[in-house]
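Peer 1: just coords:
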């Protein structure tokens, strides 16, 4: 298993000490560095800014929201970073949810799987640079079918460093996971739990079995962000993540349209998720966080003393379908090499 490190997306301001973390991660042989976006900081600018100080670590987005950019715009950005980094870019994309897509970007959300398929096809056509890009899909048309009528197919001025930049799909539901296995080079789960491994293996197998599937199980990457909080007291470590779990399980989206809630419900936390969502949507996020059991946090994160974290990496996480464990937290200096070795050995 490979190991990655995540800077994620920002809160109210840029996270501190990322520069030092990236320097240390590259020196210790960490495979990849990842950024993210919601509706504040974007994923690409920090990736380029912090990635500029590196020479070997892969640079990935987990994820860029598709509605934030047209497929050609993201293809341009990806090939630009790929050139500047010497071929280290991984383009992680995701459909996000209706709350963000329609509320923040002002774009329609329906038929996200179909839209994802079109998006990826257009990006790959840009990078292949075999001919001017023309595409007529349900969601994207190149040239635009309307307007002045003066649009014409165009071919990228830039010759991509790689004509086939890796694309990973962010996915949580079984249909989207199967789509990732069918059309992408990798999958970036969110809130993956080792107890759900069999469920996800079945969804991936369905995608690999489809006609024209791009990859097989043997050459498909699965890179999951796993939050890590070290503390001698497990309860105190878990408490730091409970507000985040409550936000995703309870506050992201509307009742009946929260994909993160569905993920936790599949783990067996359905009744708890209903309570968390009820509290969060009624304006009581603090109580929602208090309703998150420590065991629910432990299902999806590494919390507690270093020895416990290492035991769980070896005993649970390395036995799953994951190929990269992206740590959403930089281990303490005294435990860093032991934790990284537990993943990589």
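Peer 2: Yep, that arrived. As the structure is a prediction and not an experimental result, all values here were calculated from the model.
Peer 1: residues touching residue 257, list them.
Peer 2: When contacts are counted by C-beta atoms under 8 Å, 6 or more residues apart in numbering, residue 257 is found next to 97-99. Every residue, glycine included, has its C-beta placed from N, CA and C.
Peer 1: so which of those residues wins on neighbours?
Peer 2: Within the contacts of residue 257, residue 97 tops the neighbour count with 20 neighbours, counted by other C-beta atoms under 10 Å.
Peer 1: return the member of the contacts of residue 257 nearest to residue 305.
Peer 2: Distance ranking of the contacts of residue 257 against residue 305, using C-beta to C-beta, places residue 97 first at 35.3 Å.
Peer 1: and the closest one, what is it in contact with?
Peer 2: Counting by C-beta under 8 Å, 6+ apart, residue 97 has contacts 109, 252-253, 257-259.
Peer 1: swap in 10 Å and give it another go.
Peer 2: Applying C-beta atoms under 10 Å, 6 or more residues apart in numbering, one finds that residue 97 lies in contact with 65, 103, 109, 112, 172, 252-254, 257-260.
Peer 1: got the domain boundaries for the protein?
Peer 2: Split into domains by automatic domain parsing, the chain comes to 2-231+305-344, 233-300.
Peer 1: can you list those domains in TSV and add mean pLDDT?
Peer 2: Converted to TSV, these look like this (pLDDT from 0 to 100):
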stretch	mean pLDDT
domain 2-231+305-344	97
domain 233-300	95
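Peer 1: strands along the stretch 51-200 of the chain, start to end?
Peer 2: Using DSSP state E, counting those that start in this stretch, the strands of the stretch 51-200 of the chain run over 58-61, 64-65, 89-94, 135-136, 141-142, 167-170, 186-188.
Peer 1: save the ones you listed as CSV, and put in distance to residue 227 too.
Peer 2: Putting the strands of the stretch 51-200 of the chain into CSV (distance: least, C-beta to C-beta, whole Å) gives the following:
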stretch, distance to residue 227
strand 58-61, 17
strand 64-65, 20
strand 89-94, 17
strand 135-136, 38
strand 141-142, 39
strand 167-170, 16
strand 186-188, 14
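Peer 1: how many residues are close by the closest residue to residue 83 other than its chain neighbours?
Peer 2: Distances taken as C-beta to C-beta, 6 or more residues apart in numbering put residue 161 closest to residue 83, at 4.8 Å, once the chain neighbours are dropped. A count of nearby residues for residue 161, using other C-beta under 10 Å, gives 18.
Peer 1: residue 161 and residue 85 touch, don't they?
Peer 2: Yes: contact criterion C-beta atoms under 10 Å: residue 161 and residue 85 qualify, at 8.9 Å.
Peer 1: show me how far the helix or strand encompassing residue 4 is from its chain's centre.
Peer 2: Element membership for residue 4, per DSSP states H and E: strand 2-8. Its chain's C-alpha centre and that of strand 2-8 lie 11 Å apart, by C-alpha atoms, centre = their mean, to the nearest Å.
Peer 1: so what does it touch, helix or strand wise?
Peer 2: With contacts taken as 3 or more C-beta pairs under 10 Å, 6 or more residues apart in numbering; DSSP states H and E, strand 2-8 sits against helix 18-27, strand 32-35, helix 44-51, strand 58-61, strand 221-230, strand 324-328, helix 336-344.
Peer 1: now that strand and helix 18-27, what's the angle there?
Peer 2: 170 degrees (axes from the mean of the first three to the mean of the last three C-alpha atoms, to 10 degrees).
Peer 1: partner strands of strand 2-8 and their direction?
Peer 2: Neighbouring strands of strand 2-8 in its sheet, by DSSP bridges, are strand 32-35 (parallel), strand 324-328 (parallel).
Peer 1: narrow the contacts of residue 97 to those in helices?
Peer 2: 103, 112, 259-260 (DSSP state H).
Peer 1: among these, name the buried ones.
Peer 2: With neighbours counted by 16 or more other C-beta atoms under 10 Å, the ones in helices among the contacts of residue 97 contain buried members at 112, 259-260.
Peer 1: for residue 224, state which of these is nearest.
Peer 2: Nearest to residue 224 out of those is residue 260 (C-beta to C-beta; 14.1 Å).
Peer 1: how about the secondary structure of the closest residue in space to the closest one that isn't next to it in sequence?
Peer 2: Excluding its sequence neighbours, the residue lying closest to residue 260 (C-beta to C-beta, 6+ apart) is residue 248, at 4.1 Å. Secondary structure state of residue 248, per DSSP: H, G, I helix; E, B strand; the rest coil, is helix.
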